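>>> The sequence and its predicted three-dimensional model are supplied below.
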Amino acid sequence: MTIVLDTWALLALLKDEPAAARVEKAWLAETPVMCSLNLGEALYMQIRGHGEKAARRTIKKVRAELEIVDPDWPLVADAASIKSSGGLSFADCFAIATARRYNAPLWTGDPEIIGATRSSEIVDLR
């Protein structure tokens, strides 16, 4: 089964937060997918917290273990449609659009995404 991770889920794993064990277990058992836009969001947050060199090294390891989805026009258009309803960041919209594309659950702890009813299945990691 495929699971889609958003930035929140990946950062929970990288920071060894309470949801980390759940994310790691699913990561090992399922096929994890992440939009490159969300991975880029995780990269800039890691750069802020750990510096450029360490952040790039960490994200390089992550990239080797995930299926990365680069946005094409249909994904961009779906994210834009989601964004048009308001209330979510554009990056969050890409996570939801990626989950829709794969017809897969979106793993997140982001309250804005969890509060949205735009995705058929959301796994709440909070």
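Okay, I see it. A quick note: this is a predicted structure, and the numbers were derived from the prediction, not measured.

>>> What backbone torsions are found at residue 68?
Here the main-chain torsion angles of residue 68 (degrees, to the nearest 10) amount to phi -100, psi 130.

>>> Can you report how many residues lie near it?
14 (other CB atoms under 10 Å). Where C-beta positions appear, they are placed from N, C-alpha and C, glycine not excepted.

>>> The helix or strand of the chain with the lowest mean pLDDT packs against which elements?
When the helices and strands of the chain are compared on mean pLDDT, DSSP states H and E, helix 111-115 comes out lowest with a mean of 91. Where contact means 3 or more CB pairs under 8 Å, 6 or more residues apart in numbering; DSSP states H and E, helix 111-115 is packed against helix 90-102, strand 122-124.

>>> Among the ones you listed, which comes closest to residue 38?
Ranking the helices and strands packed on helix 111-115 by proximity to residue 38 (CB to CB) places helix 90-102 first, at 5.3 Å.

>>> Just the element for the residue in the chain sticking out farthest from the centre, please.
Most distant residue from the mean C-alpha position of the chain: residue 53, 21.8 Å away (CA atoms, centre = their mean). Assigned by DSSP states H and E, residue 53 falls within helix 52-65.

>>> Distance from the chain centre to that helix, please.
Relative to its chain's centre, helix 52-65 lies at 15 Å (CA atoms, centre = their mean, to the nearest Å).

>>> For it, name the packing helices and strands.
helix 7-14, helix 36-50.

>>> picking up where we left off before, give me the pLDDT value at the residue farthest from the centre of the chain.
Here the pLDDT value assigned to residue 53 is 98.

>>> all numbers from here: first residue = 175
All set: I'll call the first residue 175, so the last point we hit is now residue 227.

>>> Please report how far it lies from residue 184.
19 Å (CB to CB, to the nearest Å).

>>> returning to what we had before: what's in contact with the helix holding residue 227?
With contact meaning CB atoms under 8 Å, 6 or more residues apart in numbering, helix 226-239 is reached by 184, 188, 201, 206, 213, 216, 217, 220, 221, 223, 224.
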